[in-house]
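Participant: generate a structure from the sequence data that follows.
(4 chains)
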Number of protein chains: 4
Amino acid sequence: MRFLTAGESHGAVLVAIVDGIPAHLSLTADYINAHLARRQMGIGRGGRMQIEKDRVEILSGVRGGFTMGSPIALLIRNLDWPNWERVMAVEGLLDGEGVTKPRPGHADLPGALKYLHRDVRNVLERASARETAARTAVGAVARRLLEELGISLFSHVVSIGPVVVERVDFDRVEDSPLRCGDPQAEEAMKDVILRAQEEGDTLGGVFEVRVKGVLPGLGSHVHWDRRLDAKLAQALLSIPGVKGVEIGEAFSLSSKPGSQVHDAIYWDVQRGFYRRTNRAGGIEGGISNGEEIVVRGAMKPIPTLSKPLESVDIETKEPFPSHKERSDVCAVPAAGVVAEAVVAWVLAQAVMEKMGGDALEEVVERWEAYRERVRTF
Amino acid sequence: MRFLTAGESHGAVLVAIVDGIPAHLSLTADYINAHLARRQMGIGRGGRMQIEKDRVEILSGVRGGFTMGSPIALLIRNLDWPNWERVMAVEGLLDGEGVTKPRPGHADLPGALKYLHRDVRNVLERASARETAARTAVGAVARRLLEELGISLFSHVVSIGPVVVERVDFDRVEDSPLRCGDPQAEEAMKDVILRAQEEGDTLGGVFEVRVKGVLPGLGSHVHWDRRLDAKLAQALLSIPGVKGVEIGEAFSLSSKPGSQVHDAIYWDVQRGFYRRTNRAGGIEGGISNGEEIVVRGAMKPIPTLSKPLESVDIETKEPFPSHKERSDVCAVPAAGVVAEAVVAWVLAQAVMEKMGGDALEEVVERWEAYRERVRTF
Amino acid sequence: MRFLTAGESHGAVLVAIVDGIPAHLSLTADYINAHLARRQMGIGRGGRMQIEKDRVEILSGVRGGFTMGSPIALLIRNLDWPNWERVMAVEGLLDGEGVTKPRPGHADLPGALKYLHRDVRNVLERASARETAARTAVGAVARRLLEELGISLFSHVVSIGPVVVERVDFDRVEDSPLRCGDPQAEEAMKDVILRAQEEGDTLGGVFEVRVKGVLPGLGSHVHWDRRLDAKLAQALLSIPGVKGVEIGEAFSLSSKPGSQVHDAIYWDVQRGFYRRTNRAGGIEGGISNGEEIVVRGAMKPIPTLSKPLESVDIETKEPFPSHKERSDVCAVPAAGVVAEAVVAWVLAQAVMEKMGGDALEEVVERWEAYRERVRTF
Amino acid sequence: MRFLTAGESHGAVLVAIVDGIPAHLSLTADYINAHLARRQMGIGRGGRMQIEKDRVEILSGVRGGFTMGSPIALLIRNLDWPNWERVMAVEGLLDGEGVTKPRPGHADLPGALKYLHRDVRNVLERASARETAARTAVGAVARRLLEELGISLFSHVVSIGPVVVERVDFDRVEDSPLRCGDPQAEEAMKDVILRAQEEGDTLGGVFEVRVKGVLPGLGSHVHWDRRLDAKLAQALLSIPGVKGVEIGEAFSLSSKPGSQVHDAIYWDVQRGFYRRTNRAGGIEGGISNGEEIVVRGAMKPIPTLSKPLESVDIETKEPFPSHKERSDVCAVPAAGVVAEAVVAWVLAQAVMEKMGGDALEEVVERWEAYRERVRTF
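Facilitator: Purely as a prediction, here's the structure:
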């Protein structure tokens, strides 16, 4: 299982090709669209989220509503493209001048230095978080596969700026515009977002992805690059703005003694081996242990502020204040939805590595046989 | 650049093969041994660190003190092998009974379920942190390459259990048995380690790796799996016991407003573009930005305690108290040294991807040309 | 450098995503289209080549006529799609019955068994050589890069059925409808094609790709999967219908004594090292040696014949005669053009591995420096 | 499944690390040694084959005679090492002068230019076919896995120099010093080898690998780099001296009409689908079709001759006659044994991709279930 995505933020389209999905998986554009819509909700999002209702077109790999085993091509059109056609023209003269003013906290400057671009737009267009729409679509395909195996994922917001949830009711998350399970914290989060907006500032925070239904045995301890937690870490940190990750509450647990950290092992004839605590976040020794998988990502505040940050023009070398009139204030809930997608991808890949198989019926059959084997081990 | 390692904790040897190192790099066993020794220091380490002074043998790929461009094979003998030869015999009957008692917090149980091992030793031998000796050796090779480009790395301990450093003097780290730059914190750390030891408990903590001399432009924003920060995250989380990672102080910065988080851009004719702050930890948009690279790992307390943890025998299904008479109490300083190794590997790989080249002189020449290009951009 | 393609033969589109092309390479749809057109010429091609004049759309990664360093998405529409929309519908009910009659020599039966498809169309749509249009487009991008380094490729036909070229004039190949450099052989080839057409039969043959301007040092002897010749072999055999490959005239040379096979080494101050013969086909020890690269592919006759071949219905298990009214008779010249594309890809990848670099100017600069280094070695 | 090998021809050892072999596979050094011995037989082999009876040591990944799922490290000592210790010293001064005389037909010159080596020994030591001993050992591990699934491989010699087999009795191959199934051809082969030896010349030829017991469905048509035949082609061409490959008799079949080339499909209730001919060599559309897999490699004559070939000293630029007193005359039978190893690897990898699984019992169970599914399709 592998995929590539392409597309610039203001280009005509985003495209993704997904290879290695087994045949006979039911898959519709509507299913993927629902997850694209979840990514676009939130409070404190800028105007673009309103402009574009992302809708996917499945171009290949699916026939009569089922995957064929061949590569799946996905396309999301940029509805705003007519306004950008001349700035982003593939061929011919470009409209307007190049961008020479790099924004701190973005790929703008390091990207320009890497690719020797003197028009920073050639960097920022691809570095934009817009690309995560493509990955959300890809992740939805992986999620569809996981659903067939009884695996489900969701994300919720743990903190926005200084506000941290306390008592979380997971049932309210999907209806919360901030994907927040704690109603009191949610109110406080709305307040800090509003205040940041007034001050021209932005906010980051922490989100959490939880995955139910994963059997033990995904990932492996035998080589560093096969560890499930390490792959999840790479996937999460690959989301723009995410700069930290933990499995379970690793940072806080790193200050506690071992006797309070590890999850004792129990067994009964119905369930086989199980735990009563899940401080490990469902992964031990780089391998899923059958408990809920819990991973968290720390997202930095969005670097495009209305408040100015100092920067330097790459042509004139003159300093200038980097800022933008209107912008998103906080994208943590959306990042959580993207994180679901990348986690779904990593897990589906791990499942396929362990199960093999080219048709869904093979995968399901082997998964259920393994479930029983593990239960009666 | 790629590598594989092999070897069980109580097997005859650890082996690594490293492919893709350019020719003409000077490399000696002594150089690698120095880094193996750094991994073995510390306070609160169990008996094994005393038994084994790890020494590497370079078996291939180096001739007359210089790399040849061919794969480099490294071997570290297990000095304790004679005591284990019958338990770990490659062929023939094994001495003694199998291990059926999985330890919470280890790969023992999920590994047994994955590989259908009824003797848990077949899991724990490879899941042991002993494997990191091989990776430290591999990382030393990468580090040798980085040195030629003016890149240097070191690690220090940020916290052990509840004790966190405050004022850090990096110059004292290498002489500190706990790799701690804050003498006061170091005393407190020794105390908590001693106390944990008395109580049969263990401690985790946080380490930090810092890398100087990296030019902008390593990694890329164009595809998720080419982001430098995400690769570093995978590398760090692949170290046994490490469950969290942050670039810079990402978790703490996720609670601050954007205006206090991003690093303003400056320029002068000597240095080119530079920053006065480094909250981004040297990486923006998945690309190195020329500032010091700063990554942190959160390590859970060692799961092998003298204090008992509940578990279940996989054969009898009887509960038993999992514990061990003597064990390491805290391995955070060593994990930092291993982290240097894996960070060195990721960076060397990123350098080689950007520079190409098969002989060191090519790599250096291109690196210096790029340095100048970036400075005068 | 990597790419994925997607798309079924009668689906709406073919899509490709190409990642890792350096920035600042000039690239236009016209350039790619010219190579797509070369693939569609020939004698003995069925009706489809007339229906579809393949035209690419560049969807991303190119701006103002130059690559940006970001992934390049390419799309080729199927002009016949309206006629297939209901048979190949992505969602909803499919028009018509499934295909249950597998054709010998195609992926039909093994693909159905692998993916457990009971409608063989789900296999044959992707297994069709139509996919090579996408790869030709991808190869054109690689070729554009090679051109900047002074590397050029062409293919010609060595044999069709029993007719083999004798005296080849490479200058006439591009104007020959059969890409044949020997006018007499060309006439004979036309005859055997015509005759095969009359008899409802098909023909295979051998094509050759030649590459000028490659410096020594691409590929490597140090590990099996880094050998240039082996990568070329994989690339060539991945073209549908190609079942054999040789570097130079390997099969015929395997019957000669060594003294007549190897290429003596010469040197002069202008050229550096060079050869007067090129029996090695430009590759020694898995590494380019600076001479012209010469690779040949043996293509089996097209398996869809008007003459019947026995087969068995997968549902009824009844035997049936597998045949088709009209079909291509011979696709060897087209296979040669596709082979240019896949060879261009492998070489561009090898160049980028050796040169590194993210912008074309870096790649060119390093290539020229290396050219000089090799010349004055 | 992946592996790396390391080691120079006259270095202390060859090493290989094999990752991804399922647990519980029985594996002994003797088993591997038997295949190493098969590689060393033959007529017309130089002195070295006598000196070194290769013997493997299994260093990790195997316990009590069974694989553990962890990486398997294999080591083959160079028995002649004491004689080379100073020429090939890893550290310290090297004995003797560097090699400055590149041999035509070897990696010597292109390798020196690539790695900027002025001592050609730094190339030739790794480019030597000695490395195939390591790959033979790796392939033996893969073969052990295939045996558990009822898959068996053997190779035989099709031609040596101008002598081609006619009537082949596969049963006599394993006892033939030339791995030749045609007694008359064998005599003629001995003659041409003897004559070549007298004339200071060398001979190449063609070998064939045949694999019985492969189920349909290995490899895939959906993406170029997943085609089984293309992977086999890369594997075969990666053997030093092999410059051509064909699936079945592709080159000869490329001159025949389609009606004589494709394999009609039959079915009966016992066997399911089957063929009465196997011109496709067991692979259609890049996928195994259940018939015997047949691949051939064309090996060039060994480039180290007693007869001189012209070359140029890389330091003095003076021409010199490249030759060697005594050398192997013909290595085709050995190349066939190496080819078995690399084919075994590719097939085992394809099996594991389709079957998944971490323990042998899972793999076997799934393989048998798939066998039945295919039979009753």
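Participant: so where is the stretch 201-350 of chain A shaky, pLDDT-wise?
Facilitator: Across the stretch 201-350 of chain A, not a single residue meets the criterion (pLDDT under 70).
Participant: and the helices in it, which stretches?
Facilitator: For the stretch 201-350 of chain A, the helices defined by DSSP state H, counting those that start in this stretch occupy A:228-237, A:250-253, A:332-355.
Participant: is chain D within reach of the longest one?
Facilitator: Yes: under the criterion of CB under 8 Å from any CB of the partner chain, helix A:332-355 makes contact with chain D via A:Met352, A:Glu353, A:Lys354, A:Met355. Placement of C-beta: from N, CA and C, glycine included.
Participant: just the buried ones among these, please.
Facilitator: Taking 16 or more other CB atoms under 10 Å in any protein chain shown as the criterion, what is buried in the residues of helix A:332-355 next to chain D is A:Met352, A:Glu353, A:Lys354, A:Met355.
Participant: filter these down to the ones near chain B?
Facilitator: Among those, chain B is touched by A:Lys354 when using CB under 8 Å from any CB.
Participant: closest to chain B out of the buried ones among the residues of helix A:332-355 next to chain D?
Facilitator: Comparing those against chain B with CB to the nearest CB places A:Lys354 closest, at 7.7 Å.
Participant: show me what from the stretch 251-377 of chain A comes close to chain D.
Facilitator: A:Met352, A:Glu353, A:Lys354, A:Met355, A:Gly356, A:Gly357, A:Asp358, A:Glu362, A:Glu365, A:Arg366, A:Ala369, A:Tyr370.
Participant: ok, now which ones touch the nearest residue to the first one once chain neighbours are set aside?
Facilitator: Spatial nearest neighbour of A:Met352, chain neighbours left out: A:Met1 (5.3 Å); criterion: CB to CB, 6 or more residues apart in numbering or on different chains. Contacts were defined as CB atoms under 8 Å, 6 or more residues apart in numbering or on different chains; by that measure A:Met1 touches A:Val18, A:Asp19, A:Gly20, A:Ile21, A:Ala142, A:Trp345, A:Ala348, A:Gln349, A:Met352.
Participant: paired strands for the host helix or strand of the first one, with orientation please.
Facilitator: Element membership of A:Val18, judged by DSSP states H and E, is strand A:13-19. Strand A:13-19 has the following sheet partners, assigned by DSSP bridges: strand A:2-6 (antiparallel), strand A:72-77 (antiparallel).
Participant: name the helices or strands packed onto the following helix or strand past the longest one?
Facilitator: It stands for strand A:72-77. For strand A:72-77, the succeeding helix or strand toward the C-terminus, using DSSP H and E, is helix A:108-115. Applying 3 or more CB pairs under 8 Å, 6 or more residues apart in numbering or on different chains; DSSP states H and E, we find helix A:108-115 packed against helix A:121-127, strand B:283-284, strand B:287-288.
Participant: and the longest one, what's its mean pLDDT?
Facilitator: Computed over helix A:121-127, the mean pLDDT rounds to 97.
Participant: is it positioned near chain B?
Facilitator: Yes: for helix A:121-127, a contact with chain B is found by CB under 8 Å from any CB, at A:Val123, A:Arg126, A:Ala127.
Participant: now those residues in JSON lines, with distance to chain C and neighbour count?
Facilitator: Below are these laid out as JSON lines (distance: CB to the nearest CB, whole Å; neighbours: other CB atoms under 10 Å in any protein chain shown):
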{"residue": "A:Val123", "distance to chain C": "8", "neighbour count": "30"}
{"residue": "A:Arg126", "distance to chain C": "4", "neighbour count": "29"}
{"residue": "A:Ala127", "distance to chain C": "9", "neighbour count": "25"}
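Participant: give me the pLDDT value at the residue lying closest to A:Glu85 once chain neighbours are set aside.
Facilitator: Sequence neighbours aside, A:Ala12 is the residue nearest to A:Glu85 in space, at 7.8 Å (criterion: CB to CB, 6+ apart). For A:Ala12, the model assigns a pLDDT of 97.
Participant: then the one 3 residues further on?
Facilitator: What the model reports for A:Val15 is a pLDDT of 98.
Participant: check contacts around it.
Facilitator: By CB under 8 Å, 6+ apart, the neighbours of A:Val15 are A:5-7, A:73-76, A:134, C:15, C:17, C:59-60, C:73, C:75.
Participant: nearest to D:Gly150, of these?
Facilitator: Comparing the contacts of A:Val15 against D:Gly150 with CB to CB places A:Ala73 closest, at 38.4 Å.
Participant: break down the stretch 251-377 of chain A into its strands, ranges please.
Facilitator: A:265-268, A:272-275, A:283-284, A:287-288, A:293-299, A:309-312, A:319-322 (DSSP state E, counting those that start in this stretch).
Participant: from the residues of the stretch 251-377 of chain A next to chain D, pick the one nearest C:Arg326.
Facilitator: After measuring these against C:Arg326 - CB to CB - the closest member comes out as A:Asp358, at 32.7 Å.
Participant: dump the residue contacts of the nearest residue to A:Arg373 once chain neighbours are set aside.
Facilitator: Excluding its sequence neighbours, the residue lying closest to A:Arg373 (CB to CB, 6+ apart) is B:Leu116, at 7.3 Å. Residues counted as contacts of B:Leu116 (CB under 8 Å, 6+ apart) are A:Arg373, A:Phe377, D:Ala23, D:His24, D:Asp358, D:Ala359, D:Glu361, D:Glu362.
Participant: the closest residue to chain D within chain A - nearest residue in space that isn't next to it in sequence?
Facilitator: Going by CB to the nearest CB, chain D is nearest to A:Gly356 of chain A, at 2.7 Å. For A:Gly356, the nearest residue in space outside its immediate sequence neighbours is D:Gly356; the separation is 2.7 Å by CB to CB, 6+ apart.
Participant: give me whichever of the helices of the stretch 201-350 of chain A is most buried.
Facilitator: Most buried of these by mean neighbour count (mean count of other CB atoms under 10 Å in any protein chain shown) is helix A:228-237; its value is a mean of 29.
Participant: ok, that one near chain B or not?
Facilitator: Yes: applying CB under 8 Å from any CB, one finds helix A:228-237 in contact with chain B at A:Asp229, A:Ala230, A:Lys231, A:Leu232, A:Ala233, A:Gln234, A:Ala235, A:Leu236, A:Leu237.
Participant: and stretch A:254-265 with chain B, contact?
Facilitator: Yes: against chain B, stretch A:254-265 shows contacts by CB under 8 Å from any CB at A:Ser254, A:Ser255, A:Lys256, A:Pro257, A:Gly258, A:Ser259, A:Val261, A:His262, A:Asp263, A:Ala264, A:Ile265.
Participant: wait, the fourth one touches B:Gly161, no?
Facilitator: Spelled out, that is A:Pro257. Yes: the pair A:Pro257 and B:Gly161 passes the contact test of CB atoms under 8 Å, sitting 6.8 Å apart.
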